[in-house]
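**Student:** Using only what follows, build the 3D model:
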Amino acid sequence: MRSLSFAAAFLVTTLASVRAYSLVDNYSGSSFFDSFTFFTGSDPTHGFVDYVDAGTASSAGLTQVNNNIVYIYADNKTVASSAGRQSVRITSNKSYNLGLFLFDVNHVPYGCGTWPAMWLVGPNWPNSGEIDIFEGVNLQSVNQMTLHTQEGCTMASSRNQQGSVVSNNCWINAPGQASNQGCSVTNPEASSYGDNLNNGGGGVYATQWGNDGIYIWWYPRNGIPADISNGSPDPSTWRSPDAAFPLGSSCPNDFFANQQIVVDLTFCGDWAGSVYGSSGCPGSSCQDYVQNNPSAFDDAYWSINSFKVYQ
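**Tutor:** Residues are numbered from 1 along each chain as shown. Next up, the predicted model:
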């Protein structure tokens, strides 16, 4: 019996170690931007934005690293040209299949006309999937988390999550949903977006992507689990997620592959522009507001401690 107990204990210990996450990438500090490519093409979401290259962003002060904190700004000094307000969109050079992604942010862009996002996306969109971890527009009050896929991925209306379901069909062309709406969940926490997030000192967005599903948590600065802070994250000990997207028979797990990290800030466009008139923002034209009011974007910046990827 003694040897059996020892064997059982060894097996449990071994299985636990197999399941444990190990840090594979830490995007932070002065080398942060070395691991990303700057996107300079036309905005796929039709925003009023001029995405600039790395050299332009650096010389214009739109990208900075101070005291190991990464800052990404939009232009807040000039009336924008017809090309749009200068901003930054970066994509990680490395892609991932499964893992735990911890995005530690102090401040996120906010304000009328803005459309910031932190997300994961695969090639040949939407066939390799998209996972929107943080996203919102204008004066939105809470974060929205969304999957975008090819046809054949749906979610149940009732799931073990904290958030509220907005839509259940992840297919970008799903009938009865707005174009490219995907399957969305809103976060119940006021601190998950905008001024409330910024005034609270930020926090950590955690995304667990496994074969069985994709799960997203928001932890404000004063509520980050100790295992995240000490570098040994264990999602099995966390509360139920803010958004749960189970994968399996109703949404094949191979719909998500080779995901790259993307951070961007666009303006107006398909979402922020389409709801601008009902958002409580000045005037009726999102583009006019964004073009002619540079100081309105003093708060439109990212402050990032780190992006960490565990597998």
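
**Student:** how about the strands in the stretch 51-200 of the chain?
**Tutor:** 63-66, 69-73, 85-87, 89-96, 99-107, 114-121, 130-135, 144-148, 164-165, 183-186 (DSSP state E, counting those that start in this stretch).

**Student:** For the ones you listed, could you give me JSON lines that also reports distance to residue 250, mean neighbour count and mean pLDDT?
**Tutor:** Quick note: C-beta positions are derived from backbone N, CA and C, even for glycine. Shown next, in JSON lines, are the strands of the stretch 51-200 of the chain (distance: least, Cβ to Cβ, whole Å; neighbours: other Cβ atoms under 10 Å; pLDDT from 0 to 100):
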{"stretch": "strand 63-66", "distance to residue 250": "41", "mean neighbour count": "16", "mean pLDDT": "98"}
{"stretch": "strand 69-73", "distance to residue 250": "37", "mean neighbour count": "20", "mean pLDDT": "98"}
{"stretch": "strand 85-87", "distance to residue 250": "37", "mean neighbour count": "26", "mean pLDDT": "98"}
{"stretch": "strand 89-96", "distance to residue 250": "23", "mean neighbour count": "18", "mean pLDDT": "98"}
{"stretch": "strand 99-107", "distance to residue 250": "23", "mean neighbour count": "21", "mean pLDDT": "98"}
{"stretch": "strand 114-121", "distance to residue 250": "20", "mean neighbour count": "24", "mean pLDDT": "98"}
{"stretch": "strand 130-135", "distance to residue 250": "17", "mean neighbour count": "22", "mean pLDDT": "98"}
{"stretch": "strand 144-148", "distance to residue 250": "12", "mean neighbour count": "25", "mean pLDDT": "98"}
{"stretch": "strand 164-165", "distance to residue 250": "14", "mean neighbour count": "14", "mean pLDDT": "98"}
{"stretch": "strand 183-186", "distance to residue 250": "11", "mean neighbour count": "23", "mean pLDDT": "98"}
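
**Student:** Low-confidence regions, this protein specifically.
**Tutor:** 1-19 (pLDDT under 70).

**Student:** mind running it again at 50?
**Tutor:** 1-18 (pLDDT under 50).

**Student:** The residue sitting nearest the centre point of the chain: what's it in contact with?
**Tutor:** Closest residue to the average C-alpha location of the chain: residue 118 at 2.6 Å, with Cα atoms, centre = their mean. By Cβ atoms under 8 Å, 6 or more residues apart in numbering, the contact list for residue 118 reads 103, 105, 133, 134, 135, 205, 261, 262, 263.

**Student:** right, and the fifth one touches residue 120 too?
**Tutor:** No - look at residue 135 against residue 120 with Cβ atoms under 8 Å: they stay out of range, at 11.9 Å.

**Student:** Which one of the strands of the stretch 51-200 of the chain lies nearest to residue 285?
**Tutor:** Nearest to residue 285 among these is strand 85-87 (14.0 Å), distances taken as Cβ to Cβ.
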